[in-house]
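> Here's a sequence, model it:
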Amino acid sequence: MAAILSDLAINISHKRWVCVLDPTLALSVYGLPLLTRLGGALEVWIARELWHILDNTHYYLERPEILLANNGGNGNQAEKAQAIVQTLLEWERIRLDNDPSRQQCYWIGDSPLESFLPEGIEPDIIWRYEALSASLDQRLPDKDSALSSACRDTATLATCLPSAFVLTHLPSPHAQEECPPICRILETSGIPCREVAADDPWQKEESDILRQLLVQTGLGKWVWSGLKLAVFHLAVPTACTMETPNPEGLEPADYGLGETESAAAWPAIDYWRDARGFWYPL
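Model prediction:
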């Protein structure tokens, strides 16, 4: 019995956690340091809209304020915009790397050929992703916002990957609302989000493990530099029981139709009607 328990403990300890990087965190000065360090310890996923932003870097380099999360703070917006510019340039350099495996992350692209998925993942994840994304897109009040679209993709990824959490962050100390930016965007879509109590036993167990992982990756210095990390989970009951959608006439090569075509192709089902979000500071 002792030998069995020992083997079980070893298997659990070697199972990699699945993490979706919040786009507002990815576009911050901490984004790339986090990605390069976390990729060795976690299975990190990136929202598809982030690649769309990087495909149009020239546009956002001239309008970096579009990518600033409105957190109600009194910080220097010009300074934050300049930080976005520098981060975009660094992301662009990484994006041009022709070897996806060196980017230390995974994503679902506009088609299977533009996706980079880990080995062994279920092939129907793309079907599920497109259906859930189209459903959430119908709830977004500001569909033209790049940040709203990026948060939509992040929430969809976190839902498609059952064991995933979103690594996000809290706004500056001067912000009027002390919650992650992704929560505010999802709440405008009718998805309530609440902070988990500090004495919740599940939260304490999970946060202790995650802190140990972050310590092992050498990220403590970024926390000491002012980064206020948070963990965000989504509970979407309808998504757990959804059947693999199969719109009439859609071939496998047509996965990832894009935002306009996708909304028309997938069944008009509100998969997010009972969704709830939960977060806690790490």
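> Run through the helices of the chain in chain order.
Applying DSSP state H to the chain gives helices spanning 2-13, 23-26, 31-38, 48-55, 57-62, 77-95, 125-137, 146-160, 181-187, 201-216, 220-224, 237-241, 259-265.
> Those helices: which one's closest to residue 105?
helix 31-38 (6.2 Å; Cβ to Cβ). Where C-beta positions appear, they are placed from N, C-alpha and C, glycine not excepted.
> So which elements touch the closest one?
If you count contacts as 3 or more Cβ pairs under 8 Å, 6 or more residues apart in numbering; DSSP states H and E, helix 31-38 packs onto strand 18-21, helix 23-26, helix 77-95.
> Generate TSV for these, with mean pLDDT as supplementary columns.
Listed next are these as TSV, based on pLDDT from 0 to 100:
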stretch	mean pLDDT
strand 18-21	94
helix 23-26	90
helix 77-95	82
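> For residue 118, which of these is the nearest?
strand 18-21 (9.2 Å).
> Quick check: buried residues in stretch 110-120?
110, 115, 117 (16 or more other Cβ atoms under 10 Å).
> From residue 51, how far off is the first one?
Residue 110 sits at a distance of 9 Å from residue 51 (criterion: Cβ to Cβ, to the nearest Å).
> Same question for the last one.
As defined by Cβ to Cβ, residue 117 lies at a distance of 14 Å from residue 51.
> next one: the second one
In this structure, residue 115 lies at 10 Å from residue 51, with Cβ to Cβ as the measure.
> Over to residue 116?
Residue 116 is 10 Å from residue 51, by Cβ to Cβ.
> Which neighbours do those two have in common?
Common neighbours of residue 116 and residue 51, using Cβ atoms under 8 Å, 6 or more residues apart in numbering, are 107, 109.
> burial measure for the residue nearest to residue 33 when sequence neighbours are not counted, as a count.
Nearest non-adjacent residue to residue 33, counting by Cβ to Cβ, 6 or more residues apart in numbering: residue 222, 6.1 Å away. Using other Cβ atoms under 10 Å, residue 222 has 16 other residues around it.
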